[in-house]
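In: model the structure of this input:
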Amino acid sequence: MTMKFLPGTIVGKHMPDIQIALCTCADQEEAERIGRHLVEQHVAACVNIVPAVQSIYRWQGVVESATEFLLIIKTDSAHRDEVQAAIARLHSYEVPEFLVLPVAGGSEAYIRWLTTSLE
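Out: Next comes the predicted model:
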């Protein structure tokens, strides 16, 4: 299956190494504090906070359920380790979620804004 992209979309070898990192937080205050820190330090261009995510997970052998706040962190590979270190330092969880997803393409204007915001 071939994907079709609109003009002004960057894909393939011309695409910078943009990444999306995911992290859940215990409450809104923690999510806002971590998100603001990442943007202020120029290691994330943008952090979306998705409220009231219901998580079901296994912790210490017991199935648990919790309402959490999901951070969607826009960064790049050059800043990924700094993002992870900041989350480890600022987060209340013993094992905070930190998953990184590659970005295959995006609008040229948005990608330009994102990379400029990380400078």
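
In: residue 49 falls within a helix, correct?
Out: No - going by DSSP: H, G, I helix; E, B strand; the rest coil, the assignment for residue 49 is strand, not a helix.

In: give me the nearest residue to it, chain neighbours excluded.
Out: Excluding the flanking residues, the one nearest residue 49 by C-beta to C-beta, 6 or more residues apart in numbering is residue 31, at 4.7 Å. For glycine as for every other residue, the C-beta is placed from the backbone atoms N, C-alpha and C.

In: quick check: that neighbour is in a helix.
Out: Yes - secondary structure assignment places residue 31 in a helix (three-state DSSP).

In: residue nearest the centroid of the protein?
Out: Nearest to the mean C-alpha position of the chain, counting by C-alpha atoms, centre = their mean, stands residue 73 at 2.2 Å.

In: re earlier: if I look at the residue nearest to residue 49, what pLDDT would I see?
Out: In this model, residue 31 is scored at 98, pLDDT.

In: look up how far residue 66 lies from it.
Out: Residue 31 sits 13 Å away from residue 66, going by C-beta to C-beta, to the nearest Å.

In: who has more neighbours, those two?
Out: Legend: neighbour count by other C-beta atoms under 10 Å for residue 31 and residue 66, higher for residue 31 (22 against 12).

In: check which residues of the helix or strand hosting residue 100 are buried.
Out: Using DSSP states H and E, residue 100 maps to strand 99-102. For strand 99-102, a neighbour-count test (16 or more other C-beta atoms under 10 Å) marks nothing as buried.

In: where does pLDDT dip in the chain?
Out: By pLDDT under 70, the low-scoring segments of the chain are 1-16.

In: residue 50 contacts residue 68, doesn't it?
Out: No - Residue 50 is beyond contact range of residue 68, at 9.3 Å (criterion: C-beta atoms under 8 Å).

In: buried residues in stretch 74-86?
Out: Buried-residue list, stretch 74-86, by 16+ other C-beta under 10 Å: 74-76, 79-80, 83-84, 86.

In: next, format those residues as JSON lines and append distance to residue 94 and secondary structure.
Out: Listed next are the buried residues of stretch 74-86 as JSON lines, based on distance: C-beta to C-beta, whole Å; DSSP: H, G, I helix; E, B strand; the rest coil:
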{"residue": "74", "distance to residue 94": "26", "secondary structure": "strand"}
{"residue": "75", "distance to residue 94": "23", "secondary structure": "strand"}
{"residue": "76", "distance to residue 94": "28", "secondary structure": "strand"}
{"residue": "79", "distance to residue 94": "24", "secondary structure": "coil"}
{"residue": "80", "distance to residue 94": "21", "secondary structure": "helix"}
{"residue": "83", "distance to residue 94": "19", "secondary structure": "helix"}
{"residue": "84", "distance to residue 94": "15", "secondary structure": "helix"}
{"residue": "86", "distance to residue 94": "17", "secondary structure": "helix"}
